[in-house]
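>>> Fold the following for me, if possible:
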Amino acid sequence: MGSTTSTTQWLHSEVLDRSLWADNPEYLLTIPPRISKYNERSDDASIQLQIDVAGKENVGVVDGAITSVGSLAALMYPDCLPDRMAATSYVLETTFIWDDLNIPEPDEVAIKDSESNTRKDVNIFHHPSMKVRLKQAFSKGVAAVSRIDPILGPSVLETWKDWRLAETDIRGNFFKWTSLDQYVEVRVRDIGYPCVIAMGLFSCNLKITPEEEAIALQIAWPLHAQGVYSNDYYSWFKELRAHQESGGKIPIINSVKLLQRLEGLSVEEARARLREKSLEMEAEYHRRKKEYFEANADKGISPALVRYLDYHEQYATGHVIWCLNSYRNNSPGGDEYRAYYAKRVAEGAIFWDNPSQSEDILTDGYQVRYLKK
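Sure thing, here's the model as predicted:
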């Protein structure tokens, strides 16, 4: 089906290699995915975050945004401005650290320690300096985002807080829901969609009116639901493994589990349902978008609104491609992170030693500096 006709000019990206998604039944969309031209600096920022938190000797302690086909930031935000990619990726990588490390949240609000820790006991996680360095890194990332854009930057932190609080909400109600729709309403927050949107606006420097935002969110809601269904489809086996390895201490929060309870479906049947729902939600998005465009053709449609909807499509495609290829879902252990870091060092790339060394995310501002040869 693909996207409705768009006027957006993609200055900083290109369509992802078709061999990675076209005719792939596991690609749960029809919209062509894109990738930023600045993927390398995105990966470098992810590495820098891990160095800032765990030290150069512990790169790979968590499997985060990097994949073999592109980083989460480069895939979800392909139109990200080149001078915003490092800060965007640095903050995104932080989300994986919070998910995997059982330590207090950065702003010390009354949120329980993350219950989604899927890593085995690693000594570095419990080192006394870990909490300090993580808070320093988080503060550095938030400060960089706000410094780059004092208007859009602060909203990233606000949506971050909501995302962390949503984790408590969903665990308290998972066994009370009687429909997928009830679950999706909360799960959208739990997988961080409001944070995804705020970071997307920042990364591409898109400023919209409240009216445009309301229209776009109503049209794009099915893509948010699609994000829940595809997330649960791809992450099921990882979540099941974490649940089993923890002796049941880590709960499974997944549509598959809900469908088993509500309808008595097998795992295979439930995952097939999620595939169907994902494609249904994309079709519903295209229907809403077409209906709005046709109804308002004579009035004129704001270019910012068109661009915003295009970005929502890329949030969805980037998420799906990332899930398909992420080390986190498919080959955890950190080996690929360590290999990438070793490759970049061999190429002469220079990284900071710790988060307090500079307010800049990377050693040459928004990209790495290289050793002089």
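>>> Helix or strand: which one has Pro194?
Per DSSP states H and E, Pro194 falls inside helix 193-204.
>>> State the mean pLDDT of that helix.
Across helix 193-204, pLDDT averages out at 96.
>>> and the helix or strand following it, average pLDDT?
Counting by DSSP H and E, the next helix or strand C-terminal to helix 193-204 is helix 210-245. The average pLDDT for helix 210-245 rounds to 96.
>>> Which neighbouring elements make contact with helix 210-245?
Where contact means 3 or more CB pairs under 8 Å, 6 or more residues apart in numbering; DSSP states H and E, helix 210-245 is packed against helix 180-190, helix 255-263, helix 267-295, helix 303-325, helix 327-330. (Each C-beta comes from the backbone N, C-alpha and C, glycine too.)
>>> which of the residues in it are buried?
212, 215-216, 219-236, 238-239, 242-243 (16 or more other CB atoms under 10 Å).
>>> Kindly report the same for stretch 56-66.
58-66.
>>> And it, end to end?
The first and last residues of stretch 56-66 sit 17 Å apart, counting by CA to CA, to the nearest Å.
>>> quick one on the thing from earlier: farthest pair in the buried residues of stretch 56-66?
Based on CB to CB, the longest span within those runs between Asn58 and Ala65 and measures 16.9 Å.
>>> Identify the residues contacting the nearest residue to Leu75 once chain neighbours are set aside.
Among residues not flanking Leu75 along the chain, Gly318 sits closest, at 3.4 Å (CB to CB, 6 or more residues apart in numbering). Neighbouring residues of Gly318 by CB atoms under 8 Å, 6 or more residues apart in numbering: 33-34, 72, 74-78.
>>> Save the buried residues of stretch 56-66 as JSON lines, and put in secondary structure, distance to Leu201 and pLDDT too.
Listed next are the buried residues of stretch 56-66 as JSON lines, based on DSSP: H, G, I helix; E, B strand; the rest coil; distance: CB to CB, whole Å; pLDDT from 0 to 100:
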{"residue": "Asn58", "secondary structure": "helix", "distance to Leu201": "33", "pLDDT": "93"}
{"residue": "Val59", "secondary structure": "coil", "distance to Leu201": "30", "pLDDT": "95"}
{"residue": "Gly60", "secondary structure": "coil", "distance to Leu201": "31", "pLDDT": "93"}
{"residue": "Val61", "secondary structure": "coil", "distance to Leu201": "30", "pLDDT": "89"}
{"residue": "Val62", "secondary structure": "coil", "distance to Leu201": "26", "pLDDT": "90"}
{"residue": "Asp63", "secondary structure": "coil", "distance to Leu201": "27", "pLDDT": "92"}
{"residue": "Gly64", "secondary structure": "coil", "distance to Leu201": "22", "pLDDT": "94"}
{"residue": "Ala65", "secondary structure": "coil", "distance to Leu201": "19", "pLDDT": "97"}
{"residue": "Ile66", "secondary structure": "coil", "distance to Leu201": "23", "pLDDT": "97"}
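>>> count of neighbours near Gln367?
19 (other CB atoms under 10 Å).
>>> For the residue nearest to it when sequence neighbours are not counted, give me its contacts.
In space, and not counting its chain neighbours, Gln367 is closest to Arg41: 4.8 Å by CB to CB, 6+ apart. With contact taken as CB under 8 Å, 6+ apart, Arg41 is in contact with 82, 85-86, 89, 362, 366-368.
>>> Please render those residues as TSV that adds secondary structure and distance to Arg307 to the earlier fields.
Shown next, in TSV, are the contacts of Arg41 (DSSP: H, G, I helix; E, B strand; the rest coil; distance: CB to CB, whole Å):
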residue	secondary structure	distance to Arg307
Pro82	coil	18
Met85	helix	18
Ala86	helix	23
Ser89	helix	21
Leu362	strand	27
Tyr366	coil	22
Gln367	coil	25
Val368	coil	30
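>>> Spatially, which two of the residues you listed are the most separated?
Comparing all pairs in the contacts of Arg41 by CB to CB, the longest separation belongs to Pro82 and Val368, at 13.3 Å.
>>> Looking at these two, which one has more neighbours?
Neighbour count, other CB under 10 Å: between Pro82 and Val368, Val368 has more, with 23 against 14.
>>> Distance of that one relative to Ala349?
According to CB to CB, to the nearest Å, Val368 stands 5 Å off from Ala349.
>>> and if you look at Lys56?
Using CB to CB, Lys56 is found at 12 Å from Ala349.
>>> Which residue is the nearest non-sequential neighbour of Thr88?
Closest residue to Thr88 apart from its sequence neighbours, by CB to CB, 6+ apart: Ser203 at 4.5 Å.
>>> got a list of what the one you found touches?
Neighbour list for Ser203: 73, 77, 79-81, 84-85, 88 [criterion: CB under 8 Å, 6+ apart].
>>> Return every residue with contacts to both of Val368 and Ala349.
Shared contacts of Val368 and Ala349, defined by CB under 8 Å, 6+ apart, are found at Asp44.
>>> ok, Ala166 to Ser89 distance?
Applying CB to CB to Ala166 and Ser89 gives a distance of 23 Å.
>>> Nice, that's everything, thank you.
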